[in-house]
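Peer 1: output the structure for:
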Amino acid sequence: MTVTVTDDGPVRVVVLDRPDVRGAVDGDHARLLREAFEELEARDDLAVGVLTGSAGHFCSGADLQAVSTGTMPVQPPGEGRPGPMGPTRLQLSKPVVAGIEGHAVAGGLELALWCDLRVASETAVFGVYCRRWGVPLIDGGTVRLPRVVGQGVALDLVLTGRTVLADEALRIGLVNRVVPAGLAQDAAVELAQQLAALPQLCLRQDRASLLEQWGMSMDEALANEWEHGLVSLTEAVQGAARFASGAGRHGTPP
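Peer 2: Numbers count the residues shown, from 1 in each chain. Predicted structure coming up:
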């Protein structure tokens, strides 16, 4: 079983390395993925995560051999219980970027949707392929997909299980960037490094407000945004002082 973890300064790169099964996840790999991101959350020296696969494969979903033999644990949410695919029930305070080569389908699509941003190779393939086998989306797919692409598009993908190629994925907002084949991991790490170089307190508070506003009324969401903003004000004053002294002018890094 192989999940490799490399810390590149403030960026943690997690590679699901099972090319023989196109990155399919069994119980052991789900645990390793979850542990890698729990450590990302716990360590102060790490700011951003990257999730990717190896040898041109992101993740083809749950390992159906493990599912068929009952060796892949499936538990209901709550009390810190892990998602079947590993980290999909974690609510991190730090962003994660997916670097997607090849297939991100079924549970692999759910892993990609768990990430904040998705960088895809021009040859990447997406889809709810588990529709073909009667395997449900239970790693947040029916929740996160409509929040990313809208309900109408999500229903199309969930009900049909059809293939979505990279150009359509970009057009519908399923991915944020499309890069040449073979460069998804490098581009994801580069994007993660850019995020890690920004003032982290404000970035995380704004991210938290954005994620928490689902289900809130406008008044509740605005009040919640204000509370998160108060946490960031010290950093904001410092940033304003740097700007006033000439940093960050004309689009240059602050």
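Peer 1: which parts of the stretch 151-254 of the chain are strands?
Peer 2: In the stretch 151-254 of the chain, the strands defined using DSSP state E, counting those that start in this stretch lie at 164-165, 177-179.
Peer 1: can you put the ones you listed in JSON lines and add mean neighbour count, distance to residue 37 and mean pLDDT?
Peer 2: Just so you know, the C-beta spots here come from the backbone N, C-alpha and C atoms, and that holds for glycine as well. Listed next are the strands of the stretch 151-254 of the chain as JSON lines, based on neighbours: other Cβ atoms under 10 Å; distance: least, Cβ to Cβ, whole Å; pLDDT from 0 to 100:
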{"stretch": "strand 164-165", "mean neighbour count": "19", "distance to residue 37": "25", "mean pLDDT": "98"}
{"stretch": "strand 177-179", "mean neighbour count": "20", "distance to residue 37": "21", "mean pLDDT": "98"}
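Peer 1: and residue 229, which of the ones you listed is closest to it?
Peer 2: Each of these has some distance to residue 229 by Cβ to Cβ; the shortest is strand 177-179, at 28.2 Å.
Peer 1: in the stretch 101-250 of the chain, what spans have low per-residue confidence?
Peer 2: The model of the stretch 101-250 of the chain has pLDDT under 70 over residues 236-237, 239-244, 246-250.
Peer 1: ok so, going back, same list (the strands of the stretch 151-254 of the chain) but as JSON lines, adding distance to residue 76.
Peer 2: JSON lines is the format used below for the strands of the stretch 151-254 of the chain (distance: least, Cβ to Cβ, whole Å):
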{"stretch": "strand 164-165", "distance to residue 76": "29"}
{"stretch": "strand 177-179", "distance to residue 76": "35"}
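Peer 1: which non-adjacent residue is nearest the residue nearest the centre of the chain?
Peer 2: Per Cα atoms, centre = their mean, the C-alpha nearest to the average position across the chain is that of residue 115, at 0.7 Å. Leaving aside its chain neighbours, residue 115 sits nearest to residue 98 (4.0 Å; criterion: Cβ to Cβ, 6 or more residues apart in numbering).
Peer 1: picking up where we left off before, of the strands of the stretch 151-254 of the chain, which is nearest residue 33?
Peer 2: Of all the strands of the stretch 151-254 of the chain, strand 177-179 comes closest under Cβ to Cβ, at 22.4 Å.
Peer 1: buried residues, stretch 54-73. List them.
Peer 2: Neighbour counts over stretch 54-73 (16 or more other Cβ atoms under 10 Å) mark 54, 56-64, 66-67, 72 as buried.
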